[in-house]
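>>> Take this sequence and fold it.
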Amino acid sequence: MKNTYHVAVIVGSLRHGSHSRQLAHALAEFAPNPLKLDLVEIGHLPHYNQDFDESPPTSFVEFRERIRSADAVLFVTPEYNRSVPGVLKNALDIGSRPYGQSAWDGKPGAVVSTSIGPLGGFGANHHLRQSLVCLNVPTMAQPEAYIGAVAQLFDANGKLTDERTRDALPKFMQAFAKWVVAHARR
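Okay, here's the model as predicted:
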């Protein structure tokens, strides 16, 4: 077993103070050894265009390398219209190209979805999982993480204050650590 497994954390919301970003920071706080979580930004990436495959922008090259160098990926996303935000889908597409050279290939993953409503981003969670199957990202099935009423879980400083969620997230991260250790390429 490796001493440390590097996990690329992809947040599907660009807003600096987004609830998904706040949740990603809380997940990092609860990450057990041997996981080390690193946020990989996606807001600066231009829209994917196949014309870039032969001469990709520097941002594409750097993003793909960050994903390739990670041992696993953790997606934290809000739900937009029963799906993931377009910026997250764009990042998936950029990382998967050029065809046959996907940076995502074989990386164990997990999905945490959020919504301000009670369903916790169920639609986004499952829509993202559908894409991850195609990208060959073995995604942890249990425990699932649908975080509803997310706007009520943090204080004004972005600190997670909801006790039920504070109790659940460490259990999720423990399960994810076992998933990563069992499925990461050595």
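>>> Report the buried residues of stretch 164-182.
165, 169, 172-173, 175-177, 179-181 (16 or more other C-beta atoms under 10 Å). Every residue, glycine included, has its C-beta placed from N, CA and C.
>>> Closest one to F63 out of the residues you listed, please.
Each of the buried residues of stretch 164-182 was checked against F63 using C-beta to C-beta; the closest is V180, at 20.6 Å.
>>> and the closest one, what helix or strand is that in?
helix 163-183 (DSSP states H and E).
>>> where do the helices sit along the protein?
For the chain, the helices defined by DSSP state H occupy 19-29, 58-69, 86-96, 122-134, 163-183.
>>> what helices or strands is the first one leaning on?
Right, helix 19-29. strand 5-11, strand 35-39, strand 72-78, strand 109-114, helix 163-183 (3 or more C-beta pairs under 8 Å, 6 or more residues apart in numbering; DSSP states H and E).
>>> Output the longest one as PDB, nothing but the C-alphas.
If I follow you right, that is helix 163-183. Taking Å, rounded to 0.1, in the frame of the first residue of the first chain, the C-alpha atoms of helix 163-183 are listed here in PDB:
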ATOM      1  CA  GLU A 163     -24.100  17.900  13.300                       C
ATOM      2  CA  ARG A 164     -25.800  15.200  11.200                       C
ATOM      3  CA  THR A 165     -23.700  16.100   8.200                       C
ATOM      4  CA  ARG A 166     -20.600  16.400  10.400                       C
ATOM      5  CA  ASP A 167     -21.300  12.900  11.600                       C
ATOM      6  CA  ALA A 168     -21.900  11.500   8.100                       C
ATOM      7  CA  LEU A 169     -19.000  12.900   6.100                       C
ATOM      8  CA  PRO A 170     -16.200  11.200   8.000                       C
ATOM      9  CA  LYS A 171     -18.000   7.800   7.400                       C
ATOM     10  CA  PHE A 172     -18.200   8.700   3.700                       C
ATOM     11  CA  MET A 173     -14.500   9.600   3.600                       C
ATOM     12  CA  GLN A 174     -13.500   6.400   5.400                       C
ATOM     13  CA  ALA A 175     -15.400   4.300   2.900                       C
ATOM     14  CA  PHE A 176     -13.900   6.300   0.000                       C
ATOM     15  CA  ALA A 177     -10.400   5.800   1.400                       C
ATOM     16  CA  LYS A 178     -11.000   2.000   1.400                       C
ATOM     17  CA  TRP A 179     -12.300   2.300  -2.200                       C
ATOM     18  CA  VAL A 180      -9.300   4.200  -3.300                       C
ATOM     19  CA  VAL A 181      -6.800   1.800  -1.700                       C
ATOM     20  CA  ALA A 182      -8.600  -1.200  -3.200                       C
ATOM     21  CA  HIS A 183      -9.000   0.300  -6.700                       C
END
